[in-house]
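**Q** I would like the atomic coordinates for the input below:
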Amino acid sequence: MKVIACQSLTVLLCLLITVNVVFCQSDQLEDEIKAEQQLNADQIKIDDLSQEEYAKLREKAEKFEFQAEVDRMMKMIINSMYKNKDIFLRELISNASDALDKIRVLALTAPKLLEYLPELSIRIRADKDNNLLHIVDTGLGMTKEELISNLGTIAKSGTAEFLKKNAENPDLSITQLNDLIGQFGVGFYSAFLAADRVLVTTKSYQSNASQYIWESDSKAYTINEDPRGDTLKRGTQITLHLKEEAKDFLQEENLKKLITKYSQFINFPIYLWNKKTQFVDEPIEEDASTSTVDETKKDEEAEVEEVKDEKPKTKRVEKTVWDYELVNVAKPIWTRRPEEISDEEYNAFYKSITKDNQDPLAKIHFTAEGEVTFKSLLFVPKVNPADSFNKYGTRTDSIRMYVRRVFITDNFDDMLPNWLNFIRGVIDSDDLPLNVSRETLQQHKLLKIIKKKLVRKILDMFKKISDEDYPKFWAEFSTNIKLGIIEDSYNRNRLAKLLRFHSSHTGPKEFTSLSEYKERMKPNQEFIYYLAGATFEEVSSSPFVESLLKQGFEILFMTEAVDEYTISSITDFEDKKIPEYRQRWSTTERERRKSGTYRRTQKRI
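**A** Purely as a prediction, here's the structure:
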């Protein structure tokens with residue numbers, strides 16, 4: 001279908017359904033292939049394939065060209081769709097994960113598929129000498145026809161096709177199929193963000209399939225049977241010829257950070273070819289001059305050596321070795337049932353996503369269902385982050401959003417209200433609306449529903465904090481709760497139950513809640529009485545306090561600046577009125593009387 005050129009990328013993507021490829025074998029085209037082969041033969045190297053073999057490979061290869069509209073679309077995808085260049089690694093790992101999930105799903109009804117190669121994994125290796133990056137999976141693999149269909153047709157999702165074929169299979173559950181990630185069929189082309197040439201070597205799981213090499217510079221692509229034969233056994237290897245400006249992706253530390261950021265919760269192990277330091281024992285070479293000794297002396301010492309331990313003939317030496325290192329050690333425990341997870345696992349997971357060296361103070365793990373279904377695991381840290389209020393009101397990175405365990409974003413404007421900026425955790429959903437690049441969430445009413453459910457669950461978590469731990473929570477996060485009362489009118493009544501104040505009943509070392517205050521109120525007491533000041537000593541020595549105490553009333557003492565604004569936001573608590581507080585008390589009794597505060601307050605009380 002010919003795609004109508006549009007100014008808007010969104011319209012183009014909506015209109016694009018399937019783009020056919022054109023097969024050309026003219027003499028002129030053959031001449032171009034040979035010329036291009038001669039130009040690049042010395043620059044390209046594939047694994048252990050020699051330059052001579054590679055030249056013959058390209059000479060025999062069938063060449064396909066994208067239609068003109070597709071060429072323009074490719075440029076838009078590469079240059080306009082993705083904001084961050086490093087997204088390409090997430091997309092290629094996601095594709096590899098899908099390929100592994102597909103073979104795993106098929107093996108449920110045909111276990112023999114995994115007999116030849118049981119390992120299901122992803123391996124990533126940087127070749128700095130040749131400026132190559134390899135991503136290898138042992139997944140489903142592709143036939144020649146699937147290469148043309150999946151990689152030669154933009155917006156053709158192989159995952160969507162797989163789901164369609166197996167959706168009605170009675171032996172496969174929806175849960176098993178829902179693990180597949182791909183949606184739009186454009187993620188593979190993000191490889192051209194970092195590479196100017198991409199090679200795909202693939203061997204289908206089908207026993208009679210050959211191994212093929214697909215190669216493209218984003219303008220055209222070639223397909224040829226691999227002359228090395230079946231080297232992969234099963235699966236796909238993507239080889240990226242990185243651009244000059246993308247050489248940072250050859251650094252193992254950079255790759256490790258990106259894998260951990262985007263793909264640490266992928267279902268399958270991801271291995272990175274990395275160096276590590278280890279200590280090994282090496283033999284000690286004896287000096288030739290010391291090897292010649294008097295034979296008589298040897299005989300005399302022979303008996304002594306028999307009873308002594310033999311001296312070590314080796315020494316420990318530090319060596320740097322290269323091997324595959326498992327990167328995604330942390331597991332997505334939020335996908336499991338809470339009763340199956342130990343506190344140790346929760347604590348380890350919290351530390352892995354926050355880099356905090358302390359265990360969390362509280363946690364909540366739940367699945368929300370309804371208009372949107374999502375799983376969430378949220379934590380309260382023991383200590384409020386030092387920059388919590390410096391960043392107050394700005395974008396937060398405390399909540400990480402995943403879609404089917406693939407990281408999408410932690411850059412939210414309002415996933416949680418500002419007063420909950422200390423909460424840490426993850427959200428994972430299969431239903432969230434994403435843009436085509438899967439970098440950002442589309443603005444949608446579902447996000448408001450998620451926010452509402454998250455806040456409700458967090459408040460439930462606060463209420464369940466034990467009496468032993470609540471003083472620690474209040475010492476760290478009392479200001480956040482008070483700001484919540486000021487800013488969040490919808491949850492104001494729920495938050496009011498979390499408030500704690502000193503009172504004339506508890507003294508300066510203990511706190512009381514409004515509920516406890518209410519239980520101690522006199523039978524005919526209509527108001528909740530309180531007094532604000534700079535210190536406990538100041539407010540407790542006020543003559544107003546003395547007057548009320550004589551009448552048997554308890555008084556709440558508010559000694560923090562935010563308290564007055566907080567209490568003025570609450571008009572009543574469980575049918576007990578809280579008088580409006582208009583003016584802060586003066587420091588001395590004389591000043592109080594001069595300002596008239598004494599008479600006004602006395603009248604109000």
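
**Q** While we're on the closest residue to Asp137 other than its chain neighbours, how confident is the model there?
**A** Sequence neighbours aside, Ala96 is the residue nearest to Asp137 in space, at 3.7 Å (criterion: CB to CB, 6 or more residues apart in numbering). (C-beta placed from N, C-alpha, C; glycine too.) On pLDDT, Ala96 comes in at 93.

**Q** pretty sure Ala96 is in a strand, no?
**A** No - the assignment for Ala96 (DSSP: H, G, I helix; E, B strand; the rest coil) gives helix, which keeps it out of a strand.

**Q** Spit out the contact partners of the most centrally placed residue in the chain.
**A** Nearest residue to the geometric centre of the chain (CA atoms, centre = their mean): Phe407, 4.1 Å. When contacts are counted by CB atoms under 8 Å, 6 or more residues apart in numbering, Phe407 touches Arg90, Lys261, Tyr262, Ser263, Gln264, Phe265, Arg400, Met401.

**Q** Show me just the buried residues among the residues you listed.
**A** When the contacts of Phe407 are checked for burial by 16 or more other CB atoms under 10 Å, the buried set is Arg90, Tyr262, Ser263, Gln264, Phe265, Arg400, Met401.

**Q** any idea which element the last one lies in?
**A** Counting by DSSP states H and E, the element that carries Met401 is strand 399-403.

**Q** which residues sit in contact with Gln278?
**A** Going by CB under 8 Å, 6+ apart, Gln278 touches Glu318, Lys319, Val321.

**Q** can I get those in a markdown table with distance to Leu454?
**A** As requested, the contacts of Gln278 are exported to a markdown table (distance: CB to CB, whole Å):
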| residue | distance to Leu454 |
| --- | --- |
| Glu318 | 49 |
| Lys319 | 50 |
| Val321 | 46 |
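
**Q** neighbours of the closest residue to Ala368 other than its chain neighbours, just the number please.
**A** Nearest non-adjacent residue to Ala368, counting by CB to CB, 6+ apart: Lys453, 4.8 Å away. Close neighbours of Lys453, defined as other CB atoms under 10 Å, add up to 18.

**Q** how about Lys453, secondary structure?
**A** Applying three-state DSSP: Lys453 is helix.

**Q** now do Asn480
**A** On the three-state scheme (three-state DSSP), Asn480 is labelled helix.

**Q** hang on, isn't it packed against Phe422?
**A** Yes - shown here, Asn480 and Phe422 form a contact pair, counting by CB atoms under 8 Å, at 6.3 Å.

**Q** what residues are shared contacts of the two?
**A** Asn384, Ser388.

**Q** how close does the residue nearest to Ala368 get to Asp467?
**A** Distance, Lys453 to Asp467, using CB to CB, to the nearest Å: 27 Å.

**Q** just to revisit the earlier point, parallel or antiparallel, list what pairs with the very next helix or strand once past the strand holding Met401.
**A** Note on strand 399-403: by DSSP H and E, the next helix or strand toward the C-terminus is strand 406-409. Neighbouring strands of strand 406-409 in its sheet, by DSSP bridges, are strand 399-403 (antiparallel).

**Q** And for the strand it pairs with, what's in contact with it?
**A** 181, 265, 332, 353, 378, 407-410, 412, 415-416, 423-430, 432, 434, 438, 441.

**Q** can you rerun that using 7 Å?
**A** Residues outside strand 399-403 that contact it (CB atoms under 7 Å, 6 or more residues apart in numbering) are 265, 353, 407-410, 412, 415-416, 423, 425-430, 432, 434, 441.
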